[in-house]
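Asker: Please work out how this folds:
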Amino acid sequence: MTEPADFTKIESIFVRHRNCLLVRGQFTGIYTDYYLHLMEHGLRYPGELDQMLKDSLAILTLHLTARPWSETIAWTANLRAPRINLFVTGSSNEEYITGRIFTEDIREPDRNFFYSQTTVPTSNEPRLSTMEIEGRDPVEWLSQFYAQSEQRPARAFRLDDENFAIIAAQPDADLEWLAQLDSSQVADIEHSEETNLLETRPFRFHCGCTIDRILPILGSWREKPDELFQESDEITIQCPRCAASYRITRDMI
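Answerer: Got it, this is the predicted structure:
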């Protein structure tokens, strides 16, 4: 098993006088672990889908850092033409981000839909939200998600050298300033604005799936193994979170 790269540190910064929260990070480390994962499991996504998944990993990581530590968040984008399900999930407490793309057996919607599920230890039921999204760019989805689900303005920025940032409005924010920002201004913000580092959070690309965690998914097949295995003595199962492959034999069920 390949050892993961160092954790990526995500910075949470308050922009004084603008009353906005800037969250930023450099994602080369997470992308390196992601590609090592793909190589290990013989996975490859087409270029456009690969970039969409990488962008989504970055944006969710930043959003997690803007939220309380206790939350585990999962996003699913159900897209049409071509139809895919793009899935990413992560946790600040567990310091991970992971995801995958589903391209087979996908119900094609008449519109693009975005689903967010937030889980906290103190609640038995996750908080769910569903919305329609425009376009196929995860960076653009962020502002749509904040407007509809978070009930406040926010913008995401794709910067140079695999850096990403989001800026979210806080109470009494300078909304005119936020609306006119461009990528170059965000990259240079510490030279033009008064800022204060609030915290950093570590993340890495990691799922934590194991064969012992995958097997319970097949519990309902225990009484009908022939239907599951057909004419074979083994099958391959993919992790629903990261698409890692696991070989399952009849005696394991």
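
Asker: Check residue 86 and give its pLDDT.
Answerer: At residue 86, the predicted lDDT confidence score is 98.

Asker: May I have the beta-bridge partners of it?
Answerer: Taking DSSP bridges, one finds residue 77, residue 101 as the beta-bridge partners of residue 86.

Asker: Let me see the contact set for it.
Answerer: Residue 86 makes contact with 49, 52-53, 56, 76-77, 79, 99, 101-102, 138, according to C-beta atoms under 8 Å, 6 or more residues apart in numbering. C-beta: built from backbone N, CA, C; applies to glycine.

Asker: close enough to count as contact, residue 218 and residue 248?
Answerer: Yes - in terms of C-beta atoms under 8 Å, residue 218 counts as a neighbour of residue 248; the distance is 6.9 Å.

Asker: okay, the contacts of residue 86 in a markdown table with pLDDT next?
Answerer: Compiled in a markdown table, these are given as follows (pLDDT from 0 to 100):
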| residue | pLDDT |
| --- | --- |
| 49 | 97 |
| 52 | 98 |
| 53 | 98 |
| 56 | 98 |
| 76 | 98 |
| 77 | 97 |
| 79 | 95 |
| 99 | 98 |
| 101 | 98 |
| 102 | 96 |
| 138 | 97 |
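
Asker: How many residues are close by residue 47?
Answerer: Residue 47: 8 surrounding residues under other C-beta atoms under 10 Å.

Asker: Distance of it relative to residue 190?
Answerer: 33 Å (C-beta to C-beta, to the nearest Å).

Asker: what's the answer for residue 49, then?
Answerer: Residue 49 is 34 Å from residue 190, by C-beta to C-beta.

Asker: Mind checking which of those two has more residues around it?
Answerer: residue 49 (17 against 12).

Asker: A helix includes the more buried one, no?
Answerer: Yes - under DSSP: H, G, I helix; E, B strand; the rest coil, residue 49 sits within a helix.

Asker: coming back round to it: who has more neighbours, residue 218 and residue 248?
Answerer: More crowded of residue 218 and residue 248, by other C-beta under 10 Å: residue 248, with 19 against 15.

Asker: who's in contact with the more buried one?
Answerer: Residue 248 neighbours (C-beta under 8 Å, 6+ apart): 211, 214-215, 218, 234-237.

Asker: Name the member of those residues with the most neighbours.
Answerer: Most neighbours among these, by other C-beta under 10 Å: residue 214, with 18 neighbours.

Asker: Residue 54 is in what secondary structure piece?
Answerer: Element membership of residue 54 [criterion: DSSP states H and E] is helix 47-66.

Asker: again with residue 23
Answerer: Using DSSP H and E, residue 23 sits within strand 20-26.

Asker: Could you give the number of residues near the nearest residue to residue 173 once chain neighbours are set aside?
Answerer: Leaving out its chain neighbours, the residue that sits closest to residue 173 by C-beta to C-beta, 6 or more residues apart in numbering is residue 19, at 4.3 Å. Residue 19: 16 surrounding residues under other C-beta under 10 Å.

Asker: and if you look at residue 159?
Answerer: For residue 159, the neighbour count with other C-beta under 10 Å is 14.

Asker: separation between it and residue 135?
Answerer: Separation of residue 159 from residue 135 (C-beta to C-beta): 19 Å.

Asker: can you check residue 66 too?
Answerer: Computed as C-beta to C-beta, the residue 66 to residue 135 distance reads 22 Å.

Asker: which stretches of the stretch 101-250 of the chain form helices?
Answerer: Using DSSP state H, counting those that start in this stretch, the helices of the stretch 101-250 of the chain run over 138-145, 175-180, 183-187, 189-192, 211-214, 225-229.

Asker: in the fourth one, what's buried?
Answerer: Of the residues in helix 189-192, those buried under the neighbour-count criterion (16 or more other C-beta atoms under 10 Å) are residue 189.

Asker: Thanks a lot, catch you later.
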